[in-house]
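Participant: next comes the sequence, and after it the predicted model I'd like to discuss.
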Amino acid sequence: MAVSSRVGSAIGELTDAVIVDTPGTAEAVGLDTGAAVVILSESDPRMSVPAFDAESVNPMGWDIDHRGRAVALGPSEHLPQSKRTRKTANLESRDACRRAHHVMDTATYHEDAPSRAGVLAALASTGAVVHIADQSAELHHCLGAELYGLMADERIIEADENRREAFSVAMRRSALRDHSLRARVRQLLASTALCVPPLPQVSILLATRRPDRVVAAIDAVSGQTYPRLELVLALHGDGFDRAETDRRLHDLEHPARVIEAPAHLPLGAVLNLAAGEASGTLLTKFDDDDLYGPEHLWDLVLAQEYSRADLVGKGAEFVHLEGSDVTLHRFRGGSERYITTQSIAGGALMITRHCFDAVLGWRPIPRSVDQALIADVVGGGHRAYRTHGMGYVLVRHDEGHTWQADDEYFLAQAHETRAGCDLAFAGIAPPGSPVRQASGLPAVGGVLDAEQPAGHQ
């Protein structure tokens, strides 16, 4: 598909769409090819913001450790007195910006609002935490309500380590979803009669032996904000209430199918049966007892887009121990990297269909199936990538895991521990929930107001 931008590009018979600044420009071009016309002055202001290539501008290599101070994107004297910094950042040094506690910005550092939005969105996509020191309605329109609201949040300035990471994750997600080149093409073409390149279809494979956890597992799928998904539910063994399951699936706003697997089959074989019923180009696995934030699938899809890895996933950084009733954070600092070790949680991995077929799926074994899959992917010369761990909680209880470990094993690895099941700590609290209001965390699970992000199209 050819897309000609503005008037400097040649318009030929193979042109599908022409992007111009104003209606007058469209008339001056003298279109006679039948191409669709996108007029930026009549479009969402975000359409005029320079987009970035997510394969070269992304959070790869981001580190939770930082230098403990803010930096400015220009002369500090242009900032309000209370927000002035000692250090100035060079935009060409991506690592310096994201190793700062946060990056301060103001309008005087930029030519206009669209170019400013492009710079800040690209910076946020690397994992840098950006704070805008001035209010700007035009910048709000250019960035979108979600990203602007995050950058304008005064809580950034005093954010502790956990909250700073939550801001970073929320900003990079919003920037990648709304301002990457792929997102911009989808947004621009959505206003034409042309076929918009679709987001990839994701198939969620959910195998369970526990009838009492089926409803909660379906609810976790229902809560996902990613628009193109399907559920393949594998009921492993006996004792399931099919009538109740069918009722819950009927209320699910996504395609769903159920398979029944005999109890004697090993878990790997059951998952392969589920994969055989899936139609998505991306396959992901949900566990019936783990917790998933509403943006979990978006995180994996975006990571696959910028890493181009065949397998992506989150580490089990956040763990809730039901027996000890604590939530802990471990394995800090190992995210946003290609991996060769088995450091991705089985309940939070996603694999391309092509790679899945190439490695012949899960091994037909009863336990450690996910780690075996990761080993087969890496051993087969395919790339695996670990994104951030927020939005996923591994839950440990006494109902029988395929991998056994007591609470002391996890507590010995903890960098930080919170009482109870602290969903906000792990980036899972949905907008408006009592947990989020009490914790004061940014909106890591959704948008800040009713406006739908442009990247959801």
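Facilitator: The structure has been received and is ready for your questions.
Participant: pretty sure Ala429 sits against Val393.
Facilitator: No: contact criterion CB atoms under 8 Å: Ala429 and Val393 do not qualify, at 11.4 Å. Yep, even glycine has a C-beta here, placed from its N, CA and C like the rest.
Participant: what's the overlap in contacts for those two?
Facilitator: Leu423 (CB atoms under 8 Å, 6 or more residues apart in numbering).
Participant: which stretches of this structure have low pLDDT?
Facilitator: Across the chain, the ranges flagged by pLDDT under 70 are 1-15, 17, 20-34, 40-41, 398-405, 430-457.
Participant: geometric centre of it: which residue is closest?
Facilitator: Taking CA atoms, centre = their mean, the centroid of the chain lies closest to Asp299, which sits 1.9 Å from it.
Participant: now do the strands in the stretch 1-150 of the chain.
Facilitator: Assigned by DSSP state E, counting those that start in this stretch, the stretch 1-150 of the chain shows strands spanning 2-5, 15-20, 36-39, 71-72, 87-88, 103-105, 130-132.
Participant: mind giving me the domain ranges of the chain?
Facilitator: Following automatic domain parsing, one gets these domains for the chain: 2-42, 71-183, 202-439.
Participant: wait, which of those is closest to Ala190?
Facilitator: Ala190 lies closest to domain 2-42 among the domains of the chain, at 9.7 Å (CB to CB).
Participant: count the neighbours of the nearest residue to Gly323 once chain neighbours are set aside for me.
Facilitator: Setting aside the residues directly before and after it, Gly323 is nearest to Asp407 in space (CB to CB, 6 or more residues apart in numbering), at 5.5 Å. Residues lying near Asp407 (other CB atoms under 10 Å) number 16.
Participant: then Ala419?
Facilitator: With other CB under 10 Å as criterion, Ala419 counts 10.
Participant: ok, it - contacts?
Facilitator: Counting by CB under 8 Å, 6+ apart, Ala419 touches Asp325, Val326, Thr327.
Participant: out of those residues, the closest to His250 would be?
Facilitator: Nearest member of the contacts of Ala419 to His250, counting by CB to CB, is Thr327, at 33.5 Å.
Participant: apart from its chain neighbours, what residue comes closest to that closest one?
Facilitator: For Thr327, the spatially nearest residue (CB to CB, 6+ apart) is Asp422, at 4.3 Å.
Participant: mind checking how far the one you found is from Ala358?
Facilitator: 40 Å (CB to CB, to the nearest Å).
Participant: do I have it right that Ala113 meets Glu138?
Facilitator: Yes: with contacts counted by CB under 8 Å, Ala113 reaches Glu138, the gap being 4.0 Å.
Participant: when those two are compared, which one has more neighbours?
Facilitator: Ranked by neighbour count (other CB under 10 Å), Ala113 and Glu138 place Ala113 first, with 20 against 14.
Participant: from Cys142, how far off is that one?
Facilitator: Plainly put, Ala113 is 5 Å away from Cys142 if you go by CB to CB.
Participant: same question for Ile218.
Facilitator: 39 Å.
Participant: more neighbours, the two?
Facilitator: Cys142 (26 against 21).
Participant: the residue nearest to Thr327: how many residues sit nearby?
Facilitator: Neighbours of Asp422 using other CB under 10 Å come to 22.
Participant: now the helices for the stretch 151-300 of the chain?
Facilitator: 161-179, 181-190, 214-222, 242-251, 267-276, 296-307 (DSSP state H, counting those that start in this stretch).
Participant: out of these, which comes closest to Asp288?
Facilitator: helix 214-222 (4.3 Å).
Participant: angle of that closest one against helix 242-251?
Facilitator: Interaxial angle, helix 214-222 versus helix 242-251 (axes from the mean of the first three to the mean of the last three CA atoms, to 10 degrees): 10 degrees.
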